[in-house]
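Novice: predicted model and sequence below, questions to follow.
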Amino acid sequence: MTSPARSDGTEPSDQIWLTRYLRLQKRYDVKVNERLAAAMRDIERDLDGLENGGIGSVVRDIQLRQAMTSISGTLSAFWNAIGDIIQAGQQDAATEALRTSFDWEEVLLRLNITSAKRKAMRASLISAGSFNVEAMLARIYRTRLPLSQQVYKTAALTEGWVESRIDKALAKGATVAELAREVRDFINPKTPGGATYAARRLARTEINAAYHAVTIDHFTDSPWVVGMQWRLSGSHGPLDVCDSMARNNHSGLGKGVFPRDAVPPKPHPQCLCTVYPKMMDPGRFSNTFARGEFDNYISATYGS
């Protein structure tokens, strides 16, 4: 991967933190959409089979209750798959955060460390990307529910939606075909809202949280980082807590800069704000490196 350094070699562009995350998010949006489409096909197939069972109100009621059982089973499998997709996305987010972190640091590291050693440092750091992301999220997001519980809660909401539609269908004498149309709209990845919104929101929020947490964790003890800059997303909407994070002087380090061990978690779902490190002056870095003051940190962090 090419270095993000500017042409003058002084500093990377802070845009890389968002652009690299968005590439990752796009890949996992596709995976979520594929699972939604598969669930929609499964439900349509099962409901088509039920609709051929006969006519009359008693038969219709039986069909609708069978439909609820079938839909519930399909949605349960769907949410289990979404949980697996999110876990994979979090691991990929951890790796991407570490890659971006090293690219950012390398602008300083290249001043005193050979290319061969930097390559080894990068490889050692990236190999740590398969660690326990859930445990790290629990440290950064202290009140956060574990992913399994969040998936369960979201699945329960969709289950409640299905039960509500079945009850309404029974009350008004709707057919399985009419129910199928409603369910299709609820599941269809091309339709706004419904399960589509819930699944994308959960996946984006949790994968982004992992990217954010790993970035924070990596730089918490870094001796050449003076603070962490909160960068407001360009797509940010109305004023909220993010604006305060990006514009207030929290610790005398400058606008939007937090002490590296006091960076807040993302304040709301699907937040696209990013954080990146403010590095020490290159001259100071080289002098401190020459005195060997970084040796223990480099050895512990990069195995070098």
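Specialist: Perfect, thanks for sending it. Just so you know, these numbers come straight off a predicted model, no measurement behind them.

Novice: and the strand or helix carrying Leu137, what does it pack onto?
Specialist: Taking DSSP states H and E as the definition, Leu137 sits inside helix 133-140. With contacts taken as 3 or more Cβ pairs under 8 Å, 6 or more residues apart in numbering; DSSP states H and E, helix 133-140 sits against helix 57-109, helix 194-219. Any C-beta I mention is one placed from the backbone N, CA and C, and that applies to glycine too.

Novice: most packed of the ones you listed?
Specialist: helix 194-219 (a mean of 23; mean count of other Cβ atoms under 10 Å).

Novice: circling back: could you check the angle the helix holding Leu137 makes with helix 194-219?
Specialist: 70 degrees (axes from the mean of the first three to the mean of the last three Cα atoms, to 10 degrees).

Novice: can you give me the angle helix 133-140 makes with helix 57-109?
Specialist: 70 degrees.

Novice: what's the mean pLDDT across the next helix or strand after helix 133-140?
Specialist: Counting by DSSP H and E, the next helix or strand C-terminal to helix 133-140 is helix 147-172. The average pLDDT within helix 147-172 is 86.

Novice: what helices or strands is helix 147-172 leaning on?
Specialist: Using 3+ Cβ pairs under 8 Å, 6+ apart: helix 147-172 touches helix 57-109, helix 176-187, helix 194-219.

Novice: next secondary structure after the first one?
Specialist: Using DSSP H and E, the next helix or strand after helix 57-109 towards the C-terminus is helix 115-127.

Novice: what's the offset of that next one from the middle of its chain?
Specialist: 25 Å (Cα atoms, centre = their mean, to the nearest Å).

Novice: and Val226, what element?
Specialist: Applying DSSP H and E, one finds Val226 within strand 225-231.

Novice: list the helices and strands the helix or strand following that strand packs on?
Specialist: Beyond strand 225-231 on the C-terminal side, the first helix or strand identified by DSSP H and E is helix 241-247. With contacts taken as 3+ Cβ pairs under 8 Å, 6+ apart, helix 241-247 sits against strand 225-231.

Novice: ok, the strand it packs on: who's next to it in the sheet?
Specialist: strand 257-258 (antiparallel), strand 274-279 (antiparallel) (DSSP bridges).

Novice: list of residues touching the last one?
Specialist: Same thing as strand 274-279. 11, 14, 17-18, 21, 101, 104-105, 107-108, 212, 215-216, 219, 222, 224-231, 233, 253-254, 257-258, 260, 263, 285 (Cβ atoms under 8 Å, 6 or more residues apart in numbering).
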